[in-house]
Structure formats: C-alpha cells, structure tokens
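> whatever this is, show me its structure:
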Amino acid sequence: MSSTYNINKGIGRTVEFKGLKAQYLFIFAGGLLGTLILVMILYMAGVNSFICLFLGAGGASLIVWQTFSLNRKYGEHGLMKIGAKKRHPRYIICRKRVQRYLRITAKSDAS
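Numbers count the residues shown, from 1 in each chain. Sure, this is the predicted structure:
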C-alpha cells in the first residue's frame, strides 16, 4: 500500500501537488499545522476533547476548502496579483486648480 507521488514536473515549472500550485501548498501546509498546534494547546489546557475534535475537524476542513477555492479562483500567480492590486492606487488625486494647468506663460521680450 505504498504510494509514490510526483511533485516536480520539470525544470522551470511550478510545484504542483494534487492540483494545488505554488504558494497555495504553503498556505495549505501552514494552515493544517496551525490547526494541529491549536488543538494540541487546547487539549493540554483542559478543554473538552469533543470541543477539540470539533474545532480541529472544522478548522482543517475550512482550510482545505478555502485553499482549493483560492487555487481554483486565482490560479498560480493570483495571490501576487491581488497584493499588487491592493498597492496600486485606484485613481490619482490632483488637488491643484485647473487654472494652473491652463495658464499660458508669456515670455517677455526685453529689447
């Protein structure tokens, strides 16, 4: 019952595993690891085991669902595009009066 998974598809291509591409793999792994650590801390703190199980299963399923949803919606470079869009201004504000742009400067001939 040994399975072999191919992760690298070639030189210059992005890492893909079970449909998840690039940075979504890190979000997926980090989210599941964070959920595991949270459940362990809650269990060691004395919280009811059913609550820990519910939070662990709910958190893990939410992370899996959201990660695959983001991967499907935004694609390989989507998170970088979203970050760039947030930093780019929606419009340029110009607070100078219009007359300042329309003023024609007359050169005086001192002869």
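
> would you map the strands across this protein?
Applying DSSP state E to the chain gives strands spanning 16-17, 20-21.

> got a list of contacts for the last one?
Taking contacts as Cβ atoms under 8 Å, 6 or more residues apart in numbering, the residues outside strand 20-21 that touch it are 14-15, 28, 67-68, 71, 75-76. No exception for glycine: its C-beta is placed from N, CA and C like everyone else's.

> what do you get for stretch 60-72?
Residues from elsewhere that reach stretch 60-72 (Cβ under 8 Å, 6+ apart): 19-21, 24, 27-28, 31-32, 35, 78-79.

> just to revisit the earlier point, any idea which of the contacts of strand 20-21 is closest to P89?
Distance to P89 across those (Cβ to Cβ) is lowest for G75, with 24.4 Å.

> I82 against H88, yeah?
No - under the criterion of Cβ atoms under 8 Å, I82 lies out of contact with H88, with a separation of 10.9 Å.

> the two: which has the busier surroundings?
Looking at I82 and H88 with other Cβ atoms under 10 Å, you find the greater number of neighbours at I82, namely 11 against 7.

> how close does the more buried one get to R100?
The span separating I82 from R100 equals 37 Å under the rule Cβ to Cβ, to the nearest Å.

> repeat for G46
Distance check for G46 against R100: by Cβ to Cβ, it reads 69 Å.

> and I41, by the same measure?
As defined by Cβ to Cβ, I41 lies at a distance of 61 Å from R100.

> go on, A45?
65 Å.

> likewise for L70?
Using Cβ to Cβ, we find L70 at a distance of 46 Å from R100.

> got it, and S61?
Here the distance between S61 and R100 works out to 59 Å (Cβ to Cβ).
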